[in-house]
Each structure stands twice: as C-alpha cells, then as structure tokens.
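Asker: below: sequence and its predicted model.
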Amino acid sequence: MSAVCKDCHDPIVRVGETSSGLALWEHDGEPADHKVEPKPLCDKCRSLNYAHYQTNWGYGWRCADCGHDEYFSLGD
C-alpha cells in the first residue's frame, strides 16, 4: 500500500531524507499548499482507517476496520 497525505489524502512519495534520517515526502503529482506528512497506518491490519483521539487523561489511535486501539496515558 502506498502512502497518503494526512491532510488531503492524496498519494505521496518519499523523495529522500534529512541529514538526521527523517523522511522527506512530496505529493505524487500536483504540488500542495500544505506540509506533506504521511497518514499513519494501523499497526495491526495496515488500514488507512486509523484515527487519532484524545481524552482528558491521554490520547490514542483507533482502527475502525479491525478495532485495534493503542492508548497513551498522560500519567505514564
């Protein structure tokens, strides 16, 4: 599965990396007017239907396709 932009969901491609090893991304086609970052995939099923959520005590990522939930408590 290819990567998509987290803001506009258009396809993106990795074009290199910074001197510290961070990936550099660009839109595959038309340039965008926003910062290009890949949308995270579910760790379990690799679905793009992976959403960030926040509570008063922490935050997490939940997959609507397989139900995988990863929660990070602010107290940990």
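Answerer: That came through fine. Numbering: from 1, shown residues only.

Asker: and Gly75, helix, strand or coil?
Answerer: Using DSSP: H, G, I helix; E, B strand; the rest coil, the structure places Gly75 in coil.

Asker: burial count for the residue lying closest to it once chain neighbours are set aside?
Answerer: Using Cβ to Cβ, 6 or more residues apart in numbering and skipping residues adjacent in sequence, the residue nearest Gly75 is Trp57, 7.0 Å away. Yep, even glycine has a C-beta here, placed from its N, CA and C like the rest. As a burial measure, Trp57 scores 10 neighbours (other Cβ atoms under 10 Å).

Asker: touching, Trp57 and Leu74? I think so.
Answerer: Yes. Trp57 sits in contact with Leu74 when judged by Cβ atoms under 8 Å, with a separation of 5.9 Å.

Asker: got a list of what the nearest residue to Ser73 once chain neighbours are set aside touches?
Answerer: Using Cβ to Cβ, 6+ apart and skipping residues adjacent in sequence, the residue nearest Ser73 is Gly58, 4.2 Å away. Residues near Gly58 by Cβ atoms under 8 Å, 6 or more residues apart in numbering: Tyr71, Phe72, Ser73, Leu74, Gly75, Asp76.

Asker: measure stretch 15-33 end to end?
Answerer: 17 Å (Cα to Cα, to the nearest Å).

Asker: from now on call the first residue 40
Answerer: That works, and once the first residue is 40, the last one we named lands at stretch 54-72.
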